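Asks: okay, structure incoming, though there's no sequence with it:
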């Protein structure tokens, strides 16, 4: 067999083995892997790179160490799942950096973290004043999580006592100019409805790069031609405006008529419309 063909075959085998062993170890984000897993990954990559060069050595001389380096992290991770002590040794412990608004300098030194690095981690969490921090902890993977003081917490609907609707996942209905029937069916729509919505925007299906529909039936469209501006969906806002107009009209009719029975009917309908507005406002103005 030609030498170049042997190198090619061994390279493909080494790449396939590295891919399979990496899948066995498991997938994590780069920021989540432990230092040990990082070292193991480098070692497996180095072994895979050596296999195509050592033409005289049997393949198993390279594959066997790769298998061992794969099996050990799997075994150790299983042990870590069963034992808190083993987990602390293998993955490390979380360490408190700020507690009750006070920086713990001793813990910073233990983590060999400077004040500048601490401030950098806080800025990554959109915190620019240490005075706003109640608690900060460095996790075993090196990330820093922050809990703000109550007065520094951002305002949320819950803190204001506001009711907001739950949102379901938007569905992709057009991708690369092709209609996705599964996304339409999930929301209870069909192609006829979609084409009607596109006609309102003056857009053809083949010109759409991506289109999504949310639970409220609002269509978001992104075109291939970025120079064309597509109006943002306003269905909920328009519905809210129409309901308010209907209530105002009923109140006006109640004031304008001289018929007492009609006046009472209009006033009662206006009150019912007011209740409808109060119940639907969180959904229509969200």
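Replies: Alright, I've got the coordinates. Remember, predicted model here, so these are calculated numbers, not experimental data.

Asks: alpha carbons only for contacts and neighbour counts from here, please
Replies: Will do.

Asks: which residue is the nearest non-sequential neighbour of residue 125?
Replies: Nearest non-adjacent residue to residue 125, counting by CA to CA, 6 or more residues apart in numbering: residue 146, 7.3 Å away.

Asks: SS state for the one you found?
Replies: Look at residue 146: counting by DSSP: H, G, I helix; E, B strand; the rest coil, its state is strand.

Asks: okay but it is in contact with residue 122, surely?
Replies: Yes: Residue 146 lies in contact with residue 122 (CA atoms under 8 Å); the separation is 7.4 Å.

Asks: and for the residue nearest to residue 125, the neighbour number?
Replies: Neighbours of residue 146 under the rule other CA atoms under 10 Å: 19.

Asks: ditto for the one 5 residues further on
Replies: When neighbours are defined as other CA under 10 Å, residue 151 has 8 of them.

Asks: can you give the domain ranges for the chain?
Replies: Domain assignment for the chain by automatic domain parsing gives 3-89, 95-152, 171-231, 236-284.

Asks: columns mean pLDDT and distance to residue 158 on top of these, output as CSV?
Replies: Formatted as CSV, the domains of the chain follow (pLDDT from 0 to 100; distance: least, CA to CA, whole Å):
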stretch, mean pLDDT, distance to residue 158
domain 3-89, 78, 31
domain 95-152, 90, 13
domain 171-231, 87, 22
domain 236-284, 81, 13
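
Asks: ranges for the helices of the stretch 51-200 of the chain?
Replies: Assigned helices in the stretch 51-200 of the chain, in chain order: 60-82, 84-91, 105-110, 115-124, 157-160, 181-187, 191-201 (criterion: DSSP state H, counting those that start in this stretch).

Asks: before we move on, the earlier item: residues contacting the residue nearest to residue 125?
Replies: Residue 146 sits next to 122, 125, 133-137 when contact means CA atoms under 8 Å, 6 or more residues apart in numbering.

Asks: try 7 Å this time
Replies: 133, 135-137 (CA atoms under 7 Å, 6 or more residues apart in numbering).

Asks: next one: residue 135
Replies: Going by CA under 7 Å, 6+ apart, residue 135 touches 98-101, 146-148.

Asks: does residue 243 sit in a helix, a strand or a coil?
Replies: Under three-state DSSP, residue 243 comes out as helix.

Asks: I'd like to know how far the closest residue to it other than its chain neighbours sits from residue 228.
Replies: Using CA to CA, 6+ apart and skipping residues adjacent in sequence, the residue nearest residue 243 is residue 277, 6.8 Å away. Counting by CA to CA, to the nearest Å, the gap between residue 277 and residue 228 amounts to 35 Å.

Asks: the two - which one has more neighbours?
Replies: Between residue 277 and residue 228, residue 277 has the larger neighbour count (other CA under 10 Å), namely 17 against 9.

Asks: pull out the buried residues from the helix or strand where that one lies.
Replies: Per DSSP states H and E: residue 277 is located in helix 260-284. For helix 260-284, burial by neighbour count (16 or more other CA atoms under 10 Å) applies to 263, 266-267, 269-270, 273-274, 277, 280-281, 283-284.

Asks: ok, stretch 54-72 next?
Replies: Neighbour-count burial for stretch 54-72 flags 62-63, 66-67, 69-70 (criterion: 16+ other CA under 10 Å).

Asks: ok now it, how far from the chain's centre?
Replies: 38 Å (CA atoms, centre = their mean, to the nearest Å).

Asks: outside of it itself, list whatever touches it.
Replies: With CA under 7 Å, 6+ apart as the test, stretch 54-72 has contacts from 21, 25, 40, 44, 47, 51.
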